[in-house]
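Peer 1: Task: produce atomic coordinates for the following.
(one chain, ligands or ions: 1)
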Amino acid sequence: MKTVKIKGMSCQHCVKAVLKALGEIDGVVRAQVDLDRGEATFEELHPVDDALIREKIAKAGYEVVQE
Ligand SMILES: [Cu+2]
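Peer 2: Residues are numbered from 1 along each chain as shown. The predicted structure follows:
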């Protein structure tokens, strides 16, 4: 299970947009978003490049916060 912090989510529409973006990434499964914590969690069927995740989230209009 992987967790990423995401900046900019404020409502259920944001949650849906982020889930959709994650769902479009090959290898990402069981994505969930915790709006209160501003986090998304998911599992990887195979290693997924962090840069790809950042890019997809950015295209949806949100920002992955670097730890
Ligand atoms: Cu929203």
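Peer 1: can we go C-alpha only for contacts and neighbour counts from here?
Peer 2: Fine.
Peer 1: Any buried residues in stretch 49-58, and which?
Peer 2: For stretch 49-58, burial by neighbour count (16 or more other C-alpha atoms under 10 Å) applies to 53, 54, 56, 57, 58.
Peer 1: Find the nearest non-adjacent residue to the second one, please.
Peer 2: Nearest-residue entry for residue 54: residue 64, 5.7 Å, with adjacent residues in sequence omitted and distances by C-alpha to C-alpha, 6 or more residues apart in numbering.
Peer 1: What lies in contact with the helix or strand containing that neighbour?
Peer 2: Per DSSP states H and E: residue 64 is located in strand 63-65. Identification of contacts with strand 63-65 by C-alpha atoms under 8 Å, 6 or more residues apart in numbering yields 4, 5, 6, 7, 8, 54, 57, 58.
Peer 1: For that strand, give the mean pLDDT please.
Peer 2: Confidence over strand 63-65, taken as the mean pLDDT, stands at 97.
Peer 1: What strands line up against that strand, and which way round?
Peer 2: strand 2-7 (antiparallel) (DSSP bridges).
Peer 1: Need the mean per-residue confidence for the strand it pairs with.
Peer 2: Per-residue pLDDT over strand 2-7 has a mean of 97.
Peer 1: mind listing what the residue lying farthest from the centre of the chain touches?
Peer 2: Most distant from the centre of the chain: residue 46, at 16.1 Å, with distances by C-alpha atoms, centre = their mean. Residue 46 sits next to residue 27 when contact means C-alpha under 8 Å, 6+ apart.
Peer 1: and the helix or strand where residue 32 lies, does that touch the ion?
Peer 2: Assigned by DSSP H and E, residue 32 belongs to strand 28-34. No: using C-alpha under 5 Å from the ion, strand 28-34 stays clear of the ion, coming no nearer than 12.4 Å.
Peer 1: next structured bit after that strand?
Peer 2: strand 39-44.
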